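Engineer: Model the following, please.
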Amino acid sequence: MENPAEESVRDLQESLNERASEAREALLTRIALTTALIAALAAVTGYLAGEKADEALVDQIQASDHWSYYQAKGIKSAVLGAKMETLQSLGGKTPAQSDLDKLARYEKEMVQIKELA
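Structural biologist: So this is what the prediction gives:
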């Protein structure tokens, strides 16, 4: 038969081991929950970053479209101006009012389009 003091010491050791085990489990649970929370936040952040990148790409495409439209108006304006200058130098004709109106309209549209682009 064992000494009662030894039994008390063993009981005390077992009790301490159980408490230490519970403390470790609680710590591991906290670590697991914290890791899951960080992973969820990282996933949401990644999703939002991807969404913003898509929006930036769409904005860039729209700006490129506006700039191309601006350049097309510039080309039309230059061609019309060259036509009017050619007719004036070859035949001494004054430009038609419709051509002058188109040229003014192109210039006005180019200012508006340039602001968008």
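
Engineer: Determine the longest helix present in the chain.
Structural biologist: Assignment by DSSP state H gives helix 4-91 as the longest helix of the chain.

Engineer: And residue 8, what's its pLDDT?
Structural biologist: With respect to pLDDT, residue 8 has a value of 72.

Engineer: Return the residues in contact with it.
Structural biologist: Counting by Cβ atoms under 8 Å, 6 or more residues apart in numbering, residue 8 touches no other residue. Glycine gets a C-beta too; all of them are placed from N, C-alpha and C.

Engineer: And it, how close does it get to residue 15?
Structural biologist: Note on residue 8: its distance to residue 15, by Cβ to Cβ, to the nearest Å, is 10 Å.

Engineer: ok, back up a step: how far does the longest helix of the chain sit from the chain's center?
Structural biologist: 8 Å (Cα atoms, centre = their mean, to the nearest Å).

Engineer: buried stuff in the next helix or strand after it?
Structural biologist: Sequence-wise, the next helix or strand downstream of helix 4-91 (DSSP states H and E) is helix 97-116. Within helix 97-116, the residues that count as buried by 16 or more other Cβ atoms under 10 Å are 102, 103, 106, 110, 113.

Engineer: for these, which one is nearest residue 27?
Structural biologist: Ranked by distance to residue 27 (Cβ to Cβ), the buried residues of helix 97-116 are led by residue 113 at 63.6 Å.

Engineer: In this structure that closest one contacts residue 70, no?
Structural biologist: Yes - using Cβ atoms under 8 Å, residue 113 is in contact with residue 70, at 4.3 Å.

Engineer: Now do the shared contacts for residue 8 and residue 15.
Structural biologist: The overlap between the contact sets of residue 8 and residue 15 (Cβ under 8 Å, 6+ apart) is empty.
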